[in-house]
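*Asks:* need a 3D model of the following:
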Amino acid sequence: GLGNRLGVLIGGILTAKELNREPIICWPENTWCGCSFDDLFCPQYELIGLDINTLFSQNVNNKFLIHENQTNLSITHHFPSKDNIESYKNIHDNIVVYYHNSIPDFYSEEQVLSILSSFKIKENIKNKINEFCIKNNINNNILGIHFRKTDFQSFLNEEETFNYINLNHTSTFFICSDSFETEEKFSILKNIIIYPKNNYVTKLKEGSWNDLITDNEGRQMNFNVNRSKESVIEGFIDLLILSRTKIIVKSHSTFLKFAKLYNKINL
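*Replies:* Got it, this is the predicted structure:
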């Protein structure tokens with residue numbers, strides 16, 4: 001998904017800087033994320049779109065900094081340390097494959113924000129955000145709530161939140177979700193702002209959101225999702241609008257994590 005990809009991207013570029021390497025971004029378009037990197041950002045690094053099996057097989061003799069080997073290949077890998085950068089210093093391979101699903105703790109928030117702010121968001125996306133925020137007076141006085149649904153159910157109780165918002169007439173709330181049903185439910189409240197999306201995540205196959213699926217690379221996971229190009233772009237717009245509000249919920253969702261990070265960047 002988008003949040004995990006941004007995490008890999010930032011951790012990878014920071015690590016490339018530590019190792020004095022030139023970053024190459026591998027960003028495949030697949031059911032997990034159907035849009036390309038340059039659908040969201042202006043390209044500033046070399047981009048490739050290899051799938052994970054091809055990427056790993058082409059570099060099987062190089063060093064890997066990964067959280068998990070999701071292929072059937074036997075590779076020499078090194079798991080990124082959660083404590084310090086020193087374990088990377090002895091890497092002398094010309095090519096290093098970085099594939100880690102969270103930003104290592106030894107990188108400071110200042111370092112993370114410096115990389116995140118260097119990604120230049122496409123003008124058409126920024127224009128849509130600015131127009132919506134101006135029209136709806138989106139600022140830090142608006143209370144922001146994100147409901148992560150589908151394959152990752154949020155702990156946030158919809159009924160309690162609905163009643164809480166309904167009773168707080170003097171406050172205005174921005175609600176965003178990957179679920180059309182959730183947004184439709186809250187849209188009847190008068191003190192609610194919702195960005196109108198045309199595309200949402202869908203199921204890859206019939207069944208529940210957490211049915212076991214086999215993706216196009218042969219990986220089996222309990223995430224029955226298909227995120228189209230348009231749904232990812234509109235989700236990114238939601239994220240950036242949310243970042244301009246006062247976010248009042250906590251979650252392990254990487255979507256929410258990056259909304260909070262973007263809140264500290266002047267777009």
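
*Asks:* strands along this protein, start to end?
*Replies:* Assigned by DSSP state E, the strands in the chain fall at 24-26, 46-48, 63-66, 77-78, 96-99, 143-147, 173-177, 192-193, 213-214, 220-221, 246-247.

*Asks:* out of those strands, which one sits most buried?
*Replies:* When the strands of the chain are scored by mean count of other C-beta atoms under 10 Å, the highest mean neighbour count falls to strand 173-177 (a mean of 24). In this view, the C-beta of every residue, glycine as well, is placed from N, C-alpha and C.

*Asks:* which neighbours does that strand have in its sheet, and in what orientation?
*Replies:* In the sheet, strand 173-177 lines up against strand 143-147 (parallel), strand 192-193 (parallel) (DSSP bridges).

*Asks:* pLDDT below threshold where in this structure?
*Replies:* Along the chain, segments meeting pLDDT under 70 span 77, 79-83, 153-154.

*Asks:* where is the longest helix in it?
*Replies:* If you go by DSSP state H, the chain has its longest helix at helix 2-18.

*Asks:* buried residues, that helix. List them.
*Replies:* Residues 2-16 are the ones in helix 2-18 that count as buried (16 or more other C-beta atoms under 10 Å).

*Asks:* what of stretch 149-166?
*Replies:* Buried-residue list, stretch 149-166, by 16+ other C-beta under 10 Å: 149-152, 154, 156, 158, 161-162, 165.

*Asks:* check stretch 60-76 too.
*Replies:* 62-66, 70-71, 75.

*Asks:* which one of those residues sits closest to Leu50?
*Replies:* Thr71 (12.2 Å; C-beta to C-beta).

*Asks:* pull the contacting residues for the closest one.
*Replies:* Shown in contact with Thr71 (C-beta atoms under 8 Å, 6 or more residues apart in numbering): 52-53, 56-57, 217.

*Asks:* kindly recompute the last result at 10 Å.
*Replies:* Applying C-beta atoms under 10 Å, 6 or more residues apart in numbering to Thr71 gives the contacts 51-57, 60, 217-219.

*Asks:* same question, Ile237
*Replies:* 40, 121, 125-126, 128-129, 132, 176, 195, 197.

*Asks:* and Ile213, bridged to which residues?
*Replies:* With DSSP bridges as the rule, Ile213 is bridged to Met221.

*Asks:* do Phe64 as well
*Replies:* His77, Val97.

*Asks:* could you dump the strands paired with strand 173-177 to JSON lines with distance to Leu261?
*Replies:* Formatted as JSON lines, the strands paired with strand 173-177 follow (distance: least, C-beta to C-beta, whole Å):
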{"stretch": "strand 143-147", "distance to Leu261": "14"}
{"stretch": "strand 192-193", "distance to Leu261": "22"}
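
*Asks:* looking at the ones you listed, which is closest to Thr182?
*Replies:* Of all these, the one in closest proximity to Thr182, counting by C-beta to C-beta, is strand 143-147 (5.0 Å).

*Asks:* which of the buried residues of stretch 60-76 sits closest to Glu110?
*Replies:* Closest approach between these and Glu110, by C-beta to C-beta: Leu65, at 21.8 Å.

*Asks:* so Pro254 makes contact with Ser102?
*Replies:* Careful, residue 254 is Thr and not Pro. Yes: Thr254 is within contact range of Ser102, at 8.2 Å (criterion: C-beta atoms under 10 Å).

*Asks:* overlap in contacts, these two.
*Replies:* Common contacts of Thr254 and Ser102, defined by C-beta under 10 Å, 6+ apart, comprise 4, 7.
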